[in-house]
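> coordinates for the following, if possible.
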Amino acid sequence: MTYVVGEQCIRCKYTDCVEVCPVDCFHEGPNMLVINPEECIDCSLCVPECPVDAIYAEDDLPADQARYLEINSRLAKTWPVILERKSAPPDADDWAGKPDKLGELKE
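You can find the predicted model right below:
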């Protein structure tokens, strides 16, 4: 099992989760983070740190978020590892909670 960053991270990209990850499995893209499923050790430390509830256990992934397992796996192969917390984008709070953000994903 792995953890998966879902749609709510798109355009929010809060990085609170990065600070608690003991294996540095988060990767940063232009407007989202993803988790490398091959490096995640299923510790769940990142889940409560996400202010927009964008991180799910693979086994608890809602049906409407299922595509994000593949997205995390694919993008983690090309995006760089993020090791430190950064400031969220200035408009992150405006995007928090908005539905249907997949079209906003910048790869």
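
> which non-adjacent residue is nearest residue 14?
residue 88 (4.8 Å; C-beta to C-beta, 6 or more residues apart in numbering). Heads up, the C-betas are built off the backbone N, CA and C, glycines and all.

> touching the strand or helix carrying residue 71 from outside, list them.
In the assignment (DSSP states H and E), residue 71 maps to helix 67-76. Helix 67-76 is contacted from outside by 2, 4-7, 25, 27, 29, 34-39, 58, 61, 102, 105, 107, using C-beta atoms under 8 Å, 6 or more residues apart in numbering.

> now, these that are in helices?
Assigned to helices by DSSP state H, none of these qualify.

> just the buried members of the residues you listed?
The neighbour count (16 or more other C-beta atoms under 10 Å) marks 2, 4-7, 25, 27, 29, 34-37, 58, 61, 105 as buried among these.

> let me know the closest of these to residue 81.
Of all the buried ones among the contacts of helix 67-76, residue 27 has the smallest distance to residue 81: 5.7 Å, by C-beta to C-beta.

> buried ones in stretch 66-79, by neighbour count?
68-69, 71-73, 75-76, 79.

> pull the distance from it to the chain's centre.
With C-alpha atoms, centre = their mean, to the nearest Å as the basis, stretch 66-79 stands 10 Å off its chain's centre.

> using CSV, write out every CA atom in it.
Presented in CSV, the C-alpha positions along stretch 66-79 are these (Å, rounded to 0.1, in the frame of the first residue of the first chain):
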residue,chain,number,x,y,z
ALA,A,66,-8.6,6.6,-8.3
ARG,A,67,-6.8,8.1,-11.4
TYR,A,68,-4.4,9.9,-9.0
LEU,A,69,-2.6,6.7,-8.1
GLU,A,70,-1.4,6.5,-11.7
ILE,A,71,-0.7,10.3,-11.8
ASN,A,72,1.4,10.1,-8.6
SER,A,73,3.3,7.1,-9.9
ARG,A,74,4.0,8.6,-13.3
LEU,A,75,4.9,12.2,-12.3
ALA,A,76,7.1,11.0,-9.4
LYS,A,77,9.4,9.6,-12.0
THR,A,78,10.1,13.0,-13.6
TRP,A,79,9.4,15.6,-10.9
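
> done for today, thanks.
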